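Q: All I have is the shape, not the residue letters:
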């Protein structure tokens, strides 16, 4: 599976071929930041979850508590990223004076199905989990099949959040 590097942000074909209005707006903002400030720091991440707010983990736990079975997408890959790990990694970037575009995610990757199964296992939720394809689970937002980011960095490859995503689920 090919991962998206920090230099690929303007090449959506490599990132699953999606060029939506949302993607175009993100690209525009990235360009504006880079043009306005040569001394910029942009952090890209994916599949965030944490103790506050709504996210995939809280949604799965709520659905799992109220349903006997769930259909979960099994053909999209990403790196679940715990918000507290991400915050610490961003702070480290600031402290080291990092600039440019950096990708920060927890290490490893999985599908939504694999992530859901791990959430239910750790949460001790007994629910039947069934795989389905992206096409079988339509949503208003089109999602890429692969949103795994290369976190080696552009200017400072020593900074990344390398906690395995499994560890992030326990604060």
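A: That came through fine. Note that the structure is a prediction, hence the values are computed from the model and not measured. Numbers count the residues shown, from 1 in each chain.

Q: what's the closest non-adjacent residue to residue 50?
A: residue 83 (3.1 Å; Cβ to Cβ, 6 or more residues apart in numbering). Yep, even glycine has a C-beta here, placed from its N, CA and C like the rest.

Q: Pull the contacting residues for the residue nearest in space to the middle of the chain.
A: Centroid-nearest residue in the chain: residue 46, 1.7 Å away (criterion: Cα atoms, centre = their mean). For residue 46, the contacting residues are 78-79, 81, 105, 147-149, by Cβ atoms under 8 Å, 6 or more residues apart in numbering.

Q: Adding neighbour count and distance to residue 29, write those residues out as TSV.
A: TSV is the format used below for the contacts of residue 46 (neighbours: other Cβ atoms under 10 Å; distance: Cβ to Cβ, whole Å):
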residue	neighbour count	distance to residue 29
78	22	21
79	24	22
81	25	20
105	30	20
147	20	18
148	21	22
149	25	18
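
Q: Give me the pLDDT for residue 61.
A: On pLDDT, residue 61 comes in at 95.

Q: Around it, count how many other residues there are.
A: 17 (other Cβ atoms under 10 Å).

Q: Please apply the same query to residue 29.
A: 11.

Q: what does residue 150 give?
A: Counted with other Cβ under 10 Å, residue 150 comes out at 16.

Q: what's the answer for residue 27, then?
A: 14.

Q: where does this protein dip in pLDDT?
A: 1-24, 26, 153-171 (pLDDT under 70).

Q: any chance you could map the helices in it?
A: 21-36, 56-66, 83-95, 112-122, 165-168 (DSSP state H).

Q: can you redo the ones you listed as a markdown table with distance to residue 141?
A: As requested, the helices of the chain are exported to a markdown table (distance: least, Cβ to Cβ, whole Å):
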| stretch | distance to residue 141 |
| --- | --- |
| helix 21-36 | 7 |
| helix 56-66 | 13 |
| helix 83-95 | 20 |
| helix 112-122 | 13 |
| helix 165-168 | 22 |
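
Q: Residue 130: which of those helices is closest?
A: helix 112-122 (8.6 Å; Cβ to Cβ).

Q: Can you give me the buried ones in the closest one?
A: Neighbour-count burial for helix 112-122 flags 112-120 (criterion: 16 or more other Cβ atoms under 10 Å).

Q: now stretch 90-105
A: 90, 92-93, 98-105.

Q: same check, this time on stretch 83-91
A: 83, 85-86, 89-90.

Q: cool, and stretch 130-145?
A: 134, 143-145.

Q: nearest spatial neighbour of the residue located most distally from the centre of the chain, skipping sequence neighbours?
A: Most distant from the centre of the chain: residue 68, at 27.2 Å, with distances by Cα atoms, centre = their mean. Excluding its sequence neighbours, the residue lying closest to residue 68 (Cβ to Cβ, 6+ apart) is residue 128, at 6.3 Å.
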